[in-house]
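# Sequence plus predicted model, see below.
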Amino acid sequence: MNDNSKASTQTDSTSTAPSSPDEQTAVEHQQQVHRNPLFSEAPFWRGSGVRVTALAAPTTFIAAGEVTPADSISDAGDLGTILSGLAEGVGTFFAAQPLLASGLTIGLAGAGYMYVKTNVNFGRETDGFASRKRLKKQMTRRQLVKKRKILRPSLKDMPARKVPTNAVGFYIGRDRKTGLHLYAAIEESSLMLAPMGAGKTAKLGNWLLDAVGAVLATSTKYDIVELTEAIRARVGNILIWNPEGLADRPSNIAWDPAIGCSDPLLGIERSKRRAKSLLEGSDFTKGMENRNFWTSSSYRVLKAFLWAADAEGLSLIDVARWSKQPHRYEAIEIFKKHSDIAPRGWQDDLEQQQKVDGKATTLENVFGTLSQTFMFLDSPDIQQVILSAHRPDAQFDVEAYLRSRDTLYMLGNDSDVGGMGPLFTCLTSEVYAGARAMASRAQGGRLDPPMTFVLDEAALICSVPLQRWTADSRGIGITIHSVFQSPAQIYERYGKYAYQTIWDNCVKLILGGLSNDEHLESLSRLTGKKRVKQETESQSRSGGPNATSNRSSSYTWVEKPTLEVSDIMYLDPGEILMFRKYLGGPVVATYTPVWDRKDVKSVVRDTKRAAKAELKARKRKLATVPTAPEGSPWVAAPAPDAWGPQPEEPWAPPVPAAEVSGGFPGPRHHPRVVPGEVVDLPAPQALPEQPSFEPTAHLVPEQPAVKAEPEQLRDTGTAGPSKPTGPTRRRPDPDDMGAF
């Protein structure tokens, strides 16, 4: 057995006589152990020397007592007398031999230190999770409020007790181990891995509601709007940008990337930034390690197209049209027209790509990338949204939005081909650029209050350059929450090295449901190791007629992953695994879904009450509406049909409609009494005289039924003479139609 292990042995003897000297020695040792229960094994200590130490202490006290007078130790239970005698003896020894006593003291102390260092095992069983001490130092409210002078310069003079926690941090959850409520600073960015149905909306909704400044949220589902819109409307306006009409919710803002690109002061920077953002959001650049290299030619053409379109008052639709026609030189002609204000060299870039003879594949690749980028403009609805931005005062004001506490919801479908990714990426990048420029002019170089980005499905509809943003946003008052379905999705969208940068810059939050072995193994390794005591049992049997069976158990300290693969995969709903630096281990926290929050429930109750009150008011209003007017006194009920329903004859003339004479009382001549109101009734009017004309057929009073005579059949001449049975009648003329 190694030095780090301890063993306890139990003996089960099947005979009374051992068969060999070795077995006899083992039996005696076991009997000695059982005879001395004082020496039971303690997990914290190891080695047999501790047993001698346990006996040495009382022996020392007894020996010290011998130097005291006999009458002073008459009471053996008086510990104070023993200690006083020991102290008196030591003092006498130091007084007689000071140098010797000092040397012995130093030697004993050194020997004790070496003994403890050699024989005492300070390694205890650990669970591998972050300790309470580190969590309190890094992620509690008290520590965040202390940093308010840096995080929120406007709150530096406010007492700590009055500072809301969400003003300086965002809530992670309650630690499952220690019960502490954990917060991350607003300067940190988070990355969440959440498969479909894992409950990411329940967590994202909390961050949306707790944000103290302007919020930009992207999503492929409308439920995020339904859960948070009512509360966010209390602090600012609700802005919807929904070009595809998701959930039939119309957009209330319009934006065209081409507008403003020819501005004399900011036009060049806007053209460059927006051209780059459009290409970064394209599916053509997905997974490329160096996007700048592959899109450099397309970038030079696109930035020139954007400037030319805005200089001529055109839109992004015209830019898309130019990108599909490599040999159309309309943009070059615009540069020639505005040569006095056009950026230098941009016209040359266009002519080099479109007119200079070169490889045909180069021209095809450049314009092929552009045409694929603008495939989303094939939709008439999206074209209409782009064109609506050219109405007076219809363009989205980014700076005014950043100065407010408004909430911008950007909604779009997850389309693999021709998706909204380029347009979403461009608008989000424009907001980020505006926030960064505003922070540079603010106190302390930070936005106050901070700006919050909640980027759901970032790899699908909003692939902004997170590898740069997460490193740059920390010191300028911008909080970024990005959500992906798995690590593979990040790798596919951004490439290997950009994925590693994003992963290192963010607080990592993992929800349950991941099932890829490679991903789970990697996350399990990140959780670290825990030390646990593993027990093993062994059994041996000696030969001979008096055989003895020995059974022993031992334990040793072993290291295992803090969280196994299955532990991460089967995290309960409402639990989140967090990796963050300076904690010394992972954290599993529990959080409250957004729909279980008290403020959300209160809004839901108020909404239901308002709807119920509106329904009651509508019913009350319907009850006070005048009923249908009474019928004319000359109109009688239709007479019942004595013969039952008769088949209609197609040649029968139509029944004339009933005539209505003027002057009859109508609905406005018959007032009704409304409950709670006093209405003066007009004087009773005399009934009008009976009309002189005959009422129509359906107004005739009921007449007594008349028995009809049997109808006489026409004589066809084929029947023989018949005998008369009644009065003599004239034989009917075969050609006479009679009543017919």
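Structure received.

# What are the boundaries of the strands in the stretch 201-350 of the chain?
For the stretch 201-350 of the chain, the strands defined by DSSP state E, counting those that start in this stretch occupy 215-219, 238-241.

# Of the ones you listed, which stretch is the most buried?
Greatest average neighbour count among these goes to strand 215-219 (a mean of 25), per mean count of other C-beta atoms under 10 Å. Yep, even glycine has a C-beta here, placed from its N, CA and C like the rest.

# mind showing which ranges of the chain have poor pLDDT?
Applying pLDDT under 70 to the chain flags the ranges 1-78, 117-125, 285-295, 357-361, 416, 539-547, 625-740.

# Select the longest helix from it.
With secondary structure taken from DSSP state H, the chain has its longest helix at helix 598-623.

# Can you mark which positions in that helix are buried?
Under the neighbour-count criterion of 16 or more other C-beta atoms under 10 Å, helix 598-623 has Val600, Val603 buried.

# Give me the helices and strands touching that helix, please.
helix 223-232 (3 or more C-beta pairs under 8 Å, 6 or more residues apart in numbering; DSSP states H and E).

# Which elements pack onto the helix it packs on?
Packing partners of helix 223-232 (3+ C-beta pairs under 8 Å, 6+ apart): helix 200-210, strand 215-219, strand 238-241, strand 407-411, helix 598-623.

# Include distance to Leu622 when you put the strands of the stretch 201-350 of the chain into a markdown table, please.
Formatted as a markdown table, the strands of the stretch 201-350 of the chain follow (distance: least, C-beta to C-beta, whole Å):
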| stretch | distance to Leu622 |
| --- | --- |
| strand 215-219 | 40 |
| strand 238-241 | 32 |
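
# closest to Met158 out of the ones you listed?
strand 215-219 (22.8 Å; C-beta to C-beta).

# Between strand 407-411 and the closest one, find me the angle.
Using axes from the mean of the first three to the mean of the last three C-alpha atoms, to 10 degrees, the direction of strand 215-219 lies 20 degrees away from that of strand 407-411.

# List the pairing partners of strand 215-219 within its sheet, with orientation.
Strand 215-219 pairs in its sheet with strand 407-411 (parallel), strand 451-455 (parallel), by DSSP bridges.

# Not counting its own residues, what contacts stretch 516-526?
486-488, 510, 514, 561, 563-565, 567-569, 577, 579, 586 (C-beta atoms under 8 Å, 6 or more residues apart in numbering).

# Buried ones among those residues?
Those of the contacts of stretch 516-526 that meet the buried threshold are 486-487, 510, 514, 561, 563, 565, 567-569, 577, 579, 586, by 16+ other C-beta under 10 Å.

# Now for the residues you listed: which two are most distant?
Pairwise distances across the buried ones among the contacts of stretch 516-526 peak at 20.2 Å for Ser486 and Pro561 (criterion: C-beta to C-beta).

# Format the helices and strands packed on helix 223-232 as CSV; extra columns: distance to Thr452.
Shown next, in CSV, are those (distance: least, C-beta to C-beta, whole Å):
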stretch, distance to Thr452
helix 200-210, 7
strand 215-219, 5
strand 238-241, 14
strand 407-411, 9
helix 598-623, 18
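
# follow-up on the earlier one: and the strands paired with strand 215-219: which comes nearest Arg620?
Comparing these under C-beta to C-beta, the one sitting nearest is strand 407-411, at 35.9 Å.

# between that closest one and helix 200-210, how many degrees?
On the basis of the same axes, to 10 degrees, strand 407-411 is oriented at 150 degrees to helix 200-210.

# any idea of the angle strand 407-411 forms with helix 223-232?
Going by the same axes, to 10 degrees, strand 407-411 is angled at 170 degrees with respect to helix 223-232.

# Please renumber the chain so that the first residue is 668 from this point on.
Okay, using 668 as the starting number, the last item reads as strand 1074-1078.

# Next secondary structure after strand 1074-1078?
Per DSSP states H and E, the first helix or strand lying C-terminal to strand 1074-1078 is helix 1088-1108.

# so that next one versus strand 1074-1078, what angle?
Using the same axes, to 10 degrees: helix 1088-1108 against strand 1074-1078 is 160 degrees.

# which other helices and strands contact helix 1088-1108?
The contact analysis (3+ C-beta pairs under 8 Å, 6+ apart) places helix 1088-1108 against strand 882-886, helix 934-947, helix 1065-1069, strand 1074-1078, strand 1118-1122, helix 1125-1128, strand 1145-1151.

# Can you list the buried residues in whichever helix or strand comes after the shortest one?
Later in the chain than helix 1125-1128, the nearest helix or strand by DSSP H and E is helix 1133-1139. Buried residues in helix 1133-1139, defined by neighbour count with 16+ other C-beta under 10 Å: Leu1133, Gln1134, Trp1136, Thr1137, Asp1139.

# Make JSON lines out of those and add distance to Asp1081.
Putting the buried residues of helix 1133-1139 into JSON lines (distance: C-beta to C-beta, whole Å) gives the following:
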{"residue": "Leu1133", "distance to Asp1081": "18"}
{"residue": "Gln1134", "distance to Asp1081": "22"}
{"residue": "Trp1136", "distance to Asp1081": "22"}
{"residue": "Thr1137", "distance to Asp1081": "23"}
{"residue": "Asp1139", "distance to Asp1081": "28"}
